[in-house]
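1. what's the 3D shape of this:
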Amino acid sequence: MRSLFGHRRLFVLTVLAALLLLLAFFWPPMLWAAKIATIGLAILVVVDLLLLYLPQDAFFARRTCADRLSNGDDNNIDVYLENRYKFDTKVTIIDEVPFQFQARDKNFKTNLSKVSEKQIRYTLHPTERGEYSFGALNVFVRSPIGLLMRRYQFAQDKMVPVYPSYIQMRKYELMAISNRLHEYGIKKIRRIGHSMEFEQIKEYVGGDDYRTVNWKASARTGKLIINQFQDEKSQRVYAVIDKGRTMRFPFEGMTLLDYAINASLVICNIAIKKSDRAGLVTINSQLNAVLKANKLGGQMKKIQELLYRERSDFEETDFGKLYSLFRTRLSTRSLILLFTNFTSMSGLQRRLPYLRKIARGHVLVVIFFQDTELSDYLKRDVGDLESVYQKVVGERFASEKRQIARELEKYGIQAVLTEPENLTVDTINKYLELKARGMI
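-> You can find the predicted model right below:
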């Protein structure tokens, strides 16, 4: 703790006293006035110093936030202030946020009445996973005299990990439980036919589907009996994340890889809430994480920890190893949600033989990305020949993306072409659609 000199009010008074002394050098009668001003300034400084420093622990502050931050979301940071002085104070707070944010504007000014409390809230928006270290919480306090400031330091050197977006996970989980997913763009999909999972037979009541009548049981009992079905449960759902070089492209500060990681966390949680089994696979040049599908307690925690630790050197992805994994170790029929990206038709052709083989034994959904910046550019008006040429080239790339989707669907592979910001919603929609169609 120390006082901070050089405040504007102290500087102005010091300059005025110096001017009086300088003037007294040329006009001696002003010497008394200069001495009085200097002594008065010294007295004010001493009084201000005593007011600020004489009380022990006269000010307290703390920074509070979640034990871990959510990647890609606004995270609330609260600063609690407690003024224990017997007078009103003016306070400046400078919080040393982690260097990853490159933020120098987390400073706030406020007034506190004597013996009072206040809370200030601001947000941080991380765009990459990892460990984030906060520095000191610096608080500069001024008395009503306002010549000096006393600095307090609190909450030094706190490390907070940034995890995949658990805020999104909780948001969609709450909506799924309350059947309000449509509020976030999730489509209500009419179930086609019946699930193949039989639950029980029961007596017919008005409103039941007559197509489910069990005629043999009805003949035996003399009453109209129907078969009752329930949604198929315990289906295996795998989120497969391609960590190759095509996933390093950025969008609004985050890589496509991190968008895929956030969406994988959400869809695994939704699948478990729907009584399915969720698993995880990550791959680039080698198989990395492989977590078998399960719905027992603790599965989501395992998925979170695996996704938090995922790192990539963005090498070329070996889809042959992915095919080998689902042919041998994970051969039971499953829904595979493959998050990847194709930049050209030739890139697809290199991987297509393996994707076709995987699709023979599983329901394969390939989820890849539109170039959002390119889409925005194509909407602009062209004004010269060069712009026309660039737009033609851009339309060719956009058309190639759509052609990739058609090529996948030609071989029975489900394709989802989406923008990064819509990735989670589009993935949930596809999962619910496939369940409604009885494909898993």
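2. quick one, phi psi at Tyr166?
-> Backbone geometry at Tyr166, expressed as degrees, to the nearest 10, gives phi -70, psi -20.
3. hey, what's the nearest residue to it once chain neighbours are set aside bridged with?
-> Using Cβ to Cβ, 6 or more residues apart in numbering and skipping the chain neighbours, the partner closest in space to Tyr166 is Ser70 (5.2 Å). Backbone N, C-alpha and C define where each C-beta goes, glycine included. In this structure, Ser70 has the following beta-bridge partners (DSSP bridges): Tyr163.
4. do a quick rundown of the strands in the stretch 201-350 of the chain.
-> The residue ranges that make up the strands of the stretch 201-350 of the chain, judged by DSSP state E, counting those that start in this stretch, are 225-230, 236-242, 250-251, 254-255, 277-283, 287-294, 335-339.
5. for Lys321, see how far away Thr328 is.
-> When distance is defined by Cβ to Cβ, to the nearest Å, Thr328 is 11 Å away from Lys321.
6. who's more crowded, those two?
-> Each of Thr328 and Lys321 has its neighbours counted (other Cβ atoms under 10 Å); Lys321 has more, 14 against 8.
7. one step back: tell me which of the strands of the stretch 201-350 of the chain sits nearest to Ala398.
-> The closest approach between Ala398 and any of those, judged by Cβ to Cβ, belongs to strand 250-251 at 15.9 Å.
8. Val281 touches Ile303, doesn't it?
-> No. Shown here, Val281 and Ile303 do not form a contact pair, counting by Cβ atoms under 8 Å, at 11.1 Å.
9. which neighbours do the two share?
-> Taking Cβ atoms under 8 Å, 6 or more residues apart in numbering as the contact rule, Val281 and Ile303 both touch Leu291.
10. what values do phi and psi take at the spatially most central residue of the chain?
-> With the centre of the chain defined as its mean C-alpha position, the nearest residue by Cα atoms, centre = their mean is Gly72, 2.8 Å away. Torsion angles at Gly72 (phi, psi; degrees, to the nearest 10) stand at phi 80, psi 10.
11. can you start the count at 50 instead of 1 from here on
-> Shifting the count to begin at 50 puts that one at Gly121.
12. against Lys344, how distant is it?
-> Counting by Cβ to Cβ, the separation of Gly121 from Lys344 is 26 Å.
13. what's the answer for Asp127, then?
-> From Asp127 over to Lys344 (counting by Cβ to Cβ), the distance is 36 Å.
14. next one: Asn132
-> Note on Asn132: its distance to Lys344, by Cβ to Cβ, is 52 Å.
15. quick one, helices of the stretch 250-399 of the chain?
-> Listed from the start of the chain, the stretch 250-399 of the chain has helices (DSSP state H, counting those that start in this stretch) covering 264-270, 305-322, 348-358, 368-376, 394-410.
16. circling back: my read is that the residue nearest to Tyr215 contacts Arg219, right?
-> No. Contact status for Ser119 versus Arg219: not in contact, 9.1 Å apart, counting by Cβ under 8 Å.
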